[in-house]
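Chemist: let's see this in three dimensions:
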Amino acid sequence: MREDLKNLPVYAASTQTDLVVLANNENAYVDWRDLLSIDTHRIDFNHYGKSTHDALRAKYATYVGLQVANVLPGPGSEALIPLLINALSTESVLFFSRDFFRYYEIAQVLQRKVLTSEVALGITGLIATAQATQPEIIMLSNPNNPLSIEFTRADLIRLLDETTAYVVIDEAYAEYGQVSVVDLVDTYPKLIVLRTLSKAWGLANLRVGFLLANSELRAYLEAVQGAFVLSDVNADLATQALSYDALVVEKINALKATRADFIAYLASKGISVNQSASSFVYVNISGSDRIQQELLAVGIQVNTYADQGLRITIGTPAQMTQLQQALEQII
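Modeler: Numbering: from 1, shown residues only. Presented below is the predicted three-dimensional model:
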């Protein structure tokens, strides 16, 4: 066993059924149970499957306004992030100092040197660090997870124009914000955009994500990815779901309204909260570890960061009312 990995924590989501879980950024607004189905008589379970999943690619390409040749499906970011790091680097990757925690862990497992730039310095700081250190990959989430802030399109274009690395923009929460660079994948040969059906689409259990890039880069990454990484069952369900885009937009707007109400509530209590472009909010508050534990004691689970902040998923209006009632007693 590698010494540097012995203390790597095992990630385990709560299995308590009596909790209001506002910690995992799961989407409680879309209920797919009566909308999706699988005809098991059409699936040869003893075969590996289609591998290329052409129908899913075509449906998602239409959704994001790209060509099928730009789209590579995969089993979520847990598979696509290591694919990119393995395929596009041998030495170093650059992240913001605060971003999706799995970026750092995956880079460590793959034995890449992790470079960081302070998130408070924004894209300007990221560009400066990239120019000074010359990483092979720059990877960031937009909107940022956990801070929920959104970098502007102009800043992201500056990043692409002023650096030489592959730039990976993880747009897991893009449907909740205003900014996307999906349309630029054919303009910038080193741009890769990651998308998912886990967040706005409410299909986290399917584990279906997408890598978007120019056709040459996509073909290279598909060859490295290998065959049969996504099951026909999951691909079929995802393809069905993509026909319900109008429903998903309706639910996104409903969540945004609940988000605005919760931010207004926090502001009315004098609590600092980042303006959110995602399905969660980041609350700037000292003593967040204590608050997390006190909320857990009354059956509500949120995330705490270094005792200085809480990341809270936007749940249903009823769940958020329950949270507000609890916070009244705690803060």
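Chemist: how near is the residue located most distally from the centre of the chain to Phe262?
Modeler: For the chain, the residue at maximal distance from the C-alpha centroid (CA atoms, centre = their mean) is His41, at 34.0 Å. Distance, His41 to Phe262, by CB to CB, to the nearest Å: 46 Å. All C-beta atoms are positioned from the backbone trio N, CA, C, and that covers glycine.
Chemist: do the same with Tyr220
Modeler: 43 Å.
Chemist: check Val179 too.
Modeler: Val179 is 22 Å from Phe262, by CB to CB.
Chemist: looking at these two now, which is surrounded by more residues?
Modeler: Counted by other CB atoms under 10 Å, Val179 and Phe262 do not tie: Phe262 has more neighbours, with 22 against 17.
Chemist: settle this for me: the more buried one is touching Thr316, isn't it.
Modeler: No: look at Phe262 against Thr316 with CB atoms under 8 Å: they stay out of range, at 11.5 Å.
Chemist: right, and Ala241 touches Ser198 too?
Modeler: No: between Ala241 and Ser198 there is no contact under CB under 8 Å: 11.5 Å.
Chemist: helices or strands up against the longest helix along the chain?
Modeler: Ranked by residue count, the top helix of the chain under DSSP state H comes out as helix 245-268. Under the contact criterion of 3 or more CB pairs under 8 Å, 6 or more residues apart in numbering; DSSP states H and E, helix 245-268 touches strand 272-273, strand 280-284, helix 317-330.
Chemist: what's the average pLDDT for the shortest one?
Modeler: Predicted confidence along strand 272-273 averages 96 (mean pLDDT).
Chemist: equivalent analysis for the longest one, please.
Modeler: Within the predicted structure, the mean pLDDT of helix 317-330 is 97.
Chemist: report the angle between the axes of that helix and strand 280-284?
Modeler: 10 degrees (axes from the mean of the first three to the mean of the last three CA atoms, to 10 degrees).
Chemist: quick one: contacts of helix 317-330?
Modeler: With CB atoms under 8 Å, 6 or more residues apart in numbering as the test, helix 317-330 has contacts from 20, 22, 28, 258, 261-262, 265, 269, 291, 294-295, 298, 300, 302, 312, 314-315.
Chemist: may I see the PyMOL selection of the buried members of the residues you listed?
Modeler: Here is the PyMOL command that picks out the buried ones among the contacts of helix 317-330, judged by 16 or more other CB atoms under 10 Å:
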select buried, resi 20+22+28+258+262+265+291+294+295+300+302+312+314+315
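Chemist: quick one, strands of the protein?
Modeler: 20-21, 71-74, 92-96, 113-117, 137-141, 166-170, 191-196, 209-212, 272-273, 280-284, 300-301, 303-305, 309-313 (DSSP state E).
Chemist: what sits opposite the residue lying closest to Ile263 once chain neighbours are set aside in the beta ladder?
Modeler: Nearest non-adjacent residue to Ile263, counting by CB to CB, 6 or more residues apart in numbering: Val273, 5.6 Å away. Going by DSSP bridges, Val273 is paired in beta bridges with Val283.
Chemist: what's near enough to touch Val273?
Modeler: By CB under 8 Å, 6+ apart, the neighbours of Val273 are Ile263, Leu266, Ala267, Val281, Tyr282, Val283, Asn284.
Chemist: fine by me, we can end here.
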